[in-house]
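Chemist: Sequence first, then the predicted structure:
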Amino acid sequence: MSIPLSQSSRWFARPLTLVVVVLLAVVAATGFLAIQYRQERQAADLLFERSRQVLETLERLRTVIADVEAQRRGYLLTLDPSYLKAYGVSDESVRRDAQALQALVASDPLQNHRAGHLALTVTAKLREIDDIVKTASTSGLAALAMIRSLDEIRSQIDQMVDHERFLLVDHEKRAEALERRKTWLIAAAVVIVATLAGAALALARLEARRRRKATEENVQLQNDVAEREKKIRRLVDANIIGIIIWEVDGRILEANDAFLRMVGYDREDLTAGRLHRATLTPPEWHERDARTEAELRRSGTAQPFEKEYVRKDGSRVPVLIGGATFEEGANQGVGFVLDLSERKRAVEALRQSEERFRTLVQFSFDVYWETDAQHRFIHQEFADSLADAPASGSEIGKTRWEVPYLEPDEETWRKHRETLDAHLPFRDFELARLAPDGSKRYVSVSGMPVFDDTGRFVGYRGVGRHITERRLAEEALRAMQAELAHVNRVTTMGQLTASIAHEVNQPIAATVTNAQAALRWLRAQPPNLGEVRDSLGRIVEDGQRAGNVIGGIRALINKLPPRRDRFDLNEAILEMVVLTRSEVLKHGISLQTELAPGLPMVEGDRTQLLQVILNLIINAIEAMDGIDWGTRELRINTGRDAAGGVLVTVRDSGPGLDPADVEHVFKAFYTTKPKGMGMGLAICRSMVEAHGGRMWASANEPRGAVFQFTLPLERDESIPAQHVRSNPAA
């Protein structure tokens with residue numbers, strides 16, 4: 001917008017021109033003074049440099065005079081030529097320095113005169129000294145007096161030095177005066193320029209204020225409109241959400257690219273007028289659109305609501321739409337449209353995920369639970385198939401150990417709570433509760449700790465399932481295994497009838513013999529009571545021996561419940577060796593035992609482990625019964641395994657095992673003996689595994705088979721098995 005030049009503008013032009021002229025004059029004066037200052041500064045710098053060079057030259061002359069004086073003095077005192085330089089060297093040096101000095105002080109008459117006189121004096125004195133030294137015709141005292149006359153030369157040099165230093169101080173004062181003048185000139189120029197600039201700025205502000213006041217309203221209106229259009233255009237072009245400009249009757253006048261992509265139309269369709277609310281809206285939404293139109297006409301705004309649009313290809317897109325008219329009672333407005341497709345898909349995916357999770361819980365577990373940081377139940381969800389589920393919410397707010405239970409014991413609960421307090425995952429924690437019918441209901445619980453985004457522990461999530469049927473089946477299986485083990489033991493005892501009879505008959509026969517001997521000693525005159533006492537002691541030992549054999553057999557044959565005892569495994573092995581000694585002798589087998597001393601006590605059911613050892617010995621005896629070549633050897637070893645437990649090894653020199661049968665021999669009803677049941681090794685392995693160990697077989701070298709089993713230690717008993725004792729049995 002152009003504004004004509006007014007009277008005030010012409011009035012403003014005259015003082016502005018004056019300010020410009022004054023500024024130019026100040027600039028010219030400043031330039032002139034700057035040139036003058038530069039010339040004076042250069043002259044002062046030259047004088048300062050000349051004085052410095054004069055002082056340096058005088059200092060060199062002083063040094064040369066001192067050097068010559070020292071040389072000549074040394075020679076005259078000692079007559080040693082080594083003190084002298086070549087003739088003429090001192091004269092030439094003095095001549096050069098004198099000429100240089102005269103050239104430097106040529107502009108100063110007084111110093112020039114002093115320099116010329118100094119040069120002549122120095123040359124004459126040095127010539128005289130050289131002559132005296134060359135002829136050596138002058139006495140030492142005369143020569144020394146001549147040398148002392150050089151003090152006059154030094155005095156002249158000192159006068160010139162003092163004069164030059166005075167000039168140097170004067171030059172420095174002039175330089176400082178120039179710098180002060182320069183500072184004052186610059187300050188004055190700055191003040192003048194600042195004053196003129198302030199005056200010009202004030203005039204400019206007056207004129208600008210007048211111009212701004214004349215056009216303020218129009219500019220403000222234009223700026224408001226432009227800013228509003230800019231914001232709207234930026235929002236529209238950002239394509240964050242769909243934006244449309246419409247008429248209340250439904251025609252869409254303008255839309256951004258986000259909305260066009262949403263409904264599948266292009267800008268040509270928009271220009272052609274093919275976008276209308278009625279054509280974009282499915283029939284079932286027309287009633288809702290009618291209410292929105294009435295709301296716009298009444299209040300000018302439409303609160304956001306969900307609806308659907310029909311895309312150009314016929315598909316539908318869910319949207320959230322809201323809008324307002326540009327002004328109250330206007331026919332046009334703006335609408336904001338948000339595509340809800342992703343959210344709808346996410347909601348559907350979440351719903352399906354929850355459905356899948358619910359199905360997984362329903363078919364895989366009986367309960368899903370959550371606890372807080374204090375391990376109190378905050379959520380429980382039971383499967384529909386659970387018949388005796390607790391009442392809804394009856395356990396909320398309680399910990400797992402606060403709900404009535406029958407098992408486990410307090411020590412197991414303490415360990416479980418230590419796991420929870422350490423925020424560690426746990427799996428298959430079993431507990432028993434009272435069922436409504438009075439029976440036990442067994443539950444297995446597993447859980448994982450939950451942490452928030454900051455790493456703070458917030459509780460546990462987990463699942464539980466009823467294992468009552470599994471526990472009942474396990475108990476039935478254990479009962480069946482116990483029955484089979486008992487049958488196996490009874491069968492084995494039947495096979496060892498002769499050996500058992502032999503082991504029992506031996507202490508009985510020994511008892512009879514010792515009793516007869518005691519009677520003989522009593523009939524003697526006098527009776528030998530000492531021998532009688534010894535015989536009775538042997539009778540007691542034999543009776544205890546027979547009782548131990550009978551007790552071991554009774555323990556093996558009786559059906560006793562499983563027990564957890566701590567016993568010496570080496571003693572148990574020797575007990576079975578004694579029980580089978582007759583069979584070993586009958587089959588001509590050499591039995592060797594190497595039992596590691598100091599083995600830790602084993603914890604478990606002694607009867608079951610005795611049966612394992614007995615079965616392995618009997619199997620080895622039967623395996624070697626059919627061979628007619630080589631030596632029949634049976635070796636039993638004990639020691640520590642790599643994991644720190646106890647290792648038992650039974651080796652025989654029988655026909656051995658086929659590599660394909662190594663694992664099959666532990667299967668039920670699998671046997672390589674014509675009259676075997678195929679249950680012995682299967683029962684043995686199950687017993688060992690029930691004690692937390694493992695059992696396996698391998699080939700022996702050069703022939704035979706090796707059966708080994710390990711038993712873990714319940715306690716940390718680290719007694720080393722360093723020595724092995726050999727206990728051969730015939």
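Modeler: Happy to help now that I have it.

Chemist: and His163, how many neighbours?
Modeler: 18 (other Cβ atoms under 10 Å). Bear in mind the C-beta positions are built from the backbone N, C-alpha and C, glycine included.

Chemist: List the contacts of it.
Modeler: By Cβ atoms under 8 Å, 6 or more residues apart in numbering, the contact set of His163 is 110-111, 114.

Chemist: In which helix or strand does it reside?
Modeler: helix 150-238 (DSSP states H and E).

Chemist: Count the residues that sit near Lys415.
Modeler: Lys415 has 11 neighbouring residues, counting by other Cβ under 10 Å.

Chemist: count of residues packed around the closest residue to Ala690 other than its chain neighbours?
Modeler: Leaving aside its sequence neighbours, Ala690 sits nearest to Gln608 (Cβ to Cβ, 6 or more residues apart in numbering; 7.7 Å). By the criterion of other Cβ under 10 Å, Gln608 has 23 neighbours.

Chemist: repeat for Arg180
Modeler: Count around Arg180 with other Cβ under 10 Å applied: 10.

Chemist: cool, Gly604 as well?
Modeler: When neighbours are counted by other Cβ under 10 Å, Gly604 comes out with 23.

Chemist: Tell me what it is bridged to.
Modeler: Asp565 (DSSP bridges).

Chemist: contacting residues for it?
Modeler: Here Gly604 is in contact with 564-565, 691, 711 (Cβ under 8 Å, 6+ apart).

Chemist: Would you mind checking those for buried ones?
Modeler: In these, burial by neighbour count holds for 691, 711, counting by 16 or more other Cβ atoms under 10 Å.

Chemist: Show me which of the contacts of Gly604 is closest to Gly322.
Modeler: Set against Gly322, the nearest of the contacts of Gly604 by Cβ to Cβ is His691 (73.5 Å).

Chemist: Would you confirm that Asp641 contacts Leu647?
Modeler: Yes: with contact defined as Cβ atoms under 8 Å, Asp641 and Leu647 form a contacting pair (4.1 Å).

Chemist: Overlap of the contact sets of those two?
Modeler: Going by Cβ under 8 Å, 6+ apart, residues that sit against Asp641 and also against Leu647 are Thr710.

Chemist: who's more crowded, these two?
Modeler: Neighbour tally, Asp641 and Leu647, criterion other Cβ under 10 Å: the higher count belongs to Leu647, 19 against 16.

Chemist: ok so, going back, ok, the residue nearest to Ala690 to Cys684 distance?
Modeler: 9 Å (Cβ to Cβ, to the nearest Å).

Chemist: Where does the prediction get shaky in the stretch 551-700 of the chain?
Modeler: Counting by pLDDT under 70, the stretch 551-700 of the chain contains low-confidence residues at 551-563, 664, 667-680.

Chemist: same thing but 80
Modeler: 551-565, 578-583, 586, 607-608, 611, 625-630, 642-644, 657-683 (pLDDT under 80).

Chemist: So which residues of it form strands?
Modeler: 565-567, 590-595, 602-604, 633-640, 646-652, 694-699 (DSSP state E, counting those that start in this stretch).

Chemist: so which of the ones you listed comes closest to Val68?
Modeler: Nearest of the strands of the stretch 551-700 of the chain (Cβ to Cβ): strand 633-640, 105.6 Å.

Chemist: Quick one: list the elements packing against that closest one.
Modeler: In terms of contacts (3 or more Cβ pairs under 8 Å, 6 or more residues apart in numbering; DSSP states H and E), strand 633-640 is packed against helix 569-579, strand 590-595, helix 606-625, strand 646-652.

Chemist: Packing partners of the first one?
Modeler: Think helix 569-579. Taking 3+ Cβ pairs under 8 Å, 6+ apart as the contact cut, helix 569-579 packs with helix 497-523, helix 529-557, strand 590-595, helix 606-625, strand 633-640, strand 646-652.

Chemist: From Pro449, how far out is Ala435?
Modeler: Distance of Ala435 to Pro449, given as Cβ to Cβ: 30 Å.

Chemist: and if you look at Leu47?
Modeler: According to Cβ to Cβ, Leu47 stands 92 Å off from Pro449.

Chemist: ok, now Ser155?
Modeler: Taken as Cβ to Cβ, the span from Ser155 to Pro449 is 104 Å.

Chemist: who has more neighbours, the two?
Modeler: Counted by other Cβ under 10 Å, Ser155 and Pro449 do not tie: Pro449 has more neighbours, with 19 against 9.

Chemist: Fine by me, we can end here.
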